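K.L.:
missing the sequence, but the structure's below:
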DNA sequence: GAGCACTGC
């Protein structure tokens, strides 16, 4: 897990507090220390200001951090702020061993909990170590660029319900804004702060708890800070500041459309533009403008919304919340199945509408050392070779310390360059420091990823060869040089074919700036771009938001489940093409998640509540039907399909053969789905040592632990939806032939579009769309000829492949296909 | 006989 470095690192900077600025850095020194390197440094043109758009700018005192911080920006070791940020003592770390199972588990009443039960929440009687920590951290907080803005931010939210806050890395916005707001008179309930990633939600909550001198989550009833991520809910009755992942908030919004437990929602990292953040913003805009909150479900107090973003794209966000009233009016008359259930009536329009000028904006400077940009004089085709040259150029020219972070596109280029670097490094003179090449990508086992945090051996420079993972998800310490190939792999959904492809594409300017910034987190740095300045200038300004390039069926089902019937007029920050939305609507209709009139069906409501794609949700609902009666088996299979790679990928031929042999007892001739079922069942039955079992069968233990979590969650949710009864949780082993057939027929109900039949020449063609597909070599059915197949995934990599394949009978498929045609 | 950027419920 990222985010849990308890100070073993040689540097005090841990990624778990990366949102904090932990350097005693001078916020102003940065400005002109670097060369006139890029067009993106607009910070100097933008004074620190906070204004409301309906009155004159109320300029606040300029960020005072620069006067408090040491003037020398290169002075990295200064006790003032580094020391308190170290996670030194275990006692100061408010983390208890936590159960990672089911969010619904009650917190265990421990001695510790009852001992603190009588504590007042004023803090005086809290344990001294928490208070000491809090007091230690206060000066650090005060030195953050956002600190002087506290009163202006509070004033803005007294006046207006919406605040758009732009703050760069290191401004402290994620940790401080909730603390500024929590004691405001209007803030009688909880504040939610969303994060795109689990680690960020958890580590920010820990940090804020420390800063407040509070317990965390379920540690104590008086705990004021908590977090909620999948499989891990650490909130208590008095949680006032709650960090959660975007997906978690969306789930809550389905259960409680008006968000009655919150006084404010802070949407952080909006610039990353995940699909979930786009949905949240649309729902919030409807909510604050009084749309689809009709009747009895109207809020008594207005919800405060704080939208936080790193890039200065304030205008579009302000416009988004100001305008678009036309589309919301259209939705006003729309039926809301959730509200209707309670006999609610649609509220008359306009009562809580956001009028122009009711939105505040705020800009806060970040803290970043200057980074010099170097472009290639000529464009190159072979950027692996260019990267190699530049790595050694840096290594020979630049003194230690200073690690190199290289951004590449994927595992293969990373491993290729790793080998090259190692080969060349062997031939270096003895008096030159060593080079240590470290790969970093998500599929790399956890222990291998952790190597980047280990301290560098004496006279050695690390070269981290990374994918996009290092752009946002992982902060690599010690980096002073960035090498950016200017490309990344992007998944694109092709509407017409209904398949996804993974393509290597040029990155956007904003991504290039993000990558470059990774060199200036601890000291001034350099960024070598493996493209020309002209190349940079021709890049798109921003990365295309995910919602414009993904399959929309899950998003649209979520919208429908939340009562947005007219999805074509949903307030999107960026509206997906109509074609993509219609494609998704049609798919949902085929899944019988929608009725013929386009309203959500009972079945659709159930599907929407599962943490699954609509196709997989549909399979579950089908499996629960009495005539199928194979829900537990379906849950096992779907859990395994929800994680990537249960079976380990082996490299050498020898190991592959070994694995084939060991797994033979798991393989089922019906195909991959039943093979997964057997694997999950055997793993679950294993009582002695599951880890050993995994090693023996070349199965990923980490993946299987995740499968078990998902399996448990799905079983619980099926019980809540009354699809499963309590006394029915013991799955039978080894499904009979009849049950195998039932399982595959359920799969067909979800994957109608992913079916193909064998042609006379032995190739396969999809029943819908008539596309040629081939069974992927990773399938147990590879090389076999069967009359028809159903498959989990349709992907294009040079050729159209079907992955996750099972054999079915043609007449089963025909029956399902005819039903929707 | 191929190959897989990254999140998340």
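P.N.:
Received, thanks. The shown structure was predicted, so the numbers you read here are calculated from the model rather than taken from an experiment. Numbers count the residues shown, from 1 in each chain, chains lettered A, B, ... in the order given.
K.L.:
residue contacts, residue A:498?
P.N.:
Listed by Cβ atoms under 8 Å, 6 or more residues apart in numbering, the contact set of residue A:498 reads A:583, A:753, A:769, A:794. For every residue, glycine as well, the C-beta is placed using N, CA and C.
K.L.:
what about residue A:789, how many neighbours?
P.N.:
By other Cβ atoms under 10 Å, the residues close to residue A:789 number 24.
K.L.:
tell me the SS of it?
P.N.:
strand (DSSP: H, G, I helix; E, B strand; the rest coil).
K.L.:
What pLDDT does the model give it?
P.N.:
What the model reports as pLDDT for residue A:789 is 96.
K.L.:
cool, and residue A:528?
P.N.:
Residue A:528 is assigned a pLDDT of 96 by the prediction.
K.L.:
got the residue ranges for the helices in the stretch 301-450 of chain A?
P.N.:
A:314-322, A:325-332, A:337-341, A:383-397, A:411-426, A:446-449 (DSSP state H, counting those that start in this stretch).
K.L.:
Those helices: which one's closest to DNA strand B?
P.N.:
Nearest of these to DNA strand B, taken as Cβ to the nearest atom of the strand: helix A:411-426 at 3.4 Å.
K.L.:
List the buried residues of the closest one.
P.N.:
A:413, A:414, A:417, A:418, A:420, A:421, A:424, A:425 (16 or more other Cβ atoms under 10 Å).
K.L.:
Give the closest residue to the fourth one in space, chain neighbours not counted.
P.N.:
When the adjacent residues along the chain are set aside, residue A:418 lies closest to residue A:437, with 4.8 Å between them (Cβ to Cβ, 6 or more residues apart in numbering).
K.L.:
which ones are touching that neighbour?
P.N.:
Residues near residue A:437 by Cβ under 8 Å, 6+ apart: A:417, A:418, A:421, A:422, A:425, A:463, A:465.
K.L.:
If we use 7 Å, what do you get?
P.N.:
Listed by Cβ atoms under 7 Å, 6 or more residues apart in numbering, the contact partners of residue A:437 are A:418, A:421, A:422, A:463, A:465.
K.L.:
okay if I get those residues as a markdown table plus pLDDT and distance to DNA strand B?
P.N.:
Formatted as a markdown table, the contacts of residue A:437 follow (pLDDT from 0 to 100; distance: Cβ to the nearest atom of the strand, whole Å):
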| residue | pLDDT | distance to DNA strand B |
| --- | --- | --- |
| A:418 | 93 | 13 |
| A:421 | 93 | 18 |
| A:422 | 91 | 19 |
| A:463 | 95 | 17 |
| A:465 | 94 | 11 |
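K.L.:
Specify which member of the residues you listed is nearest to residue A:404.
P.N.:
Nearest to residue A:404 among the contacts of residue A:437: residue A:463, at 4.7 Å, using Cβ to Cβ.
K.L.:
How many neighbouring residues does residue A:772 have?
P.N.:
Neighbours of residue A:772 under the rule other Cβ under 10 Å: 12.
K.L.:
Does DNA strand B have contacts with stretch A:776-788?
P.N.:
Yes - between stretch A:776-788 and DNA strand B, judged by Cβ under 7 Å from any atom of the strand, the touching residues are A:776, A:777, A:778, A:782.
K.L.:
For DNA strand B, see how far away residue A:378 is.
P.N.:
Counting by Cβ to the nearest atom of the strand, to the nearest Å, the separation of residue A:378 from DNA strand B is 27 Å.
K.L.:
Run through the residues that contact that residue.
P.N.:
So residue A:378 contacts residue A:532 (Cβ under 7 Å, 6+ apart).
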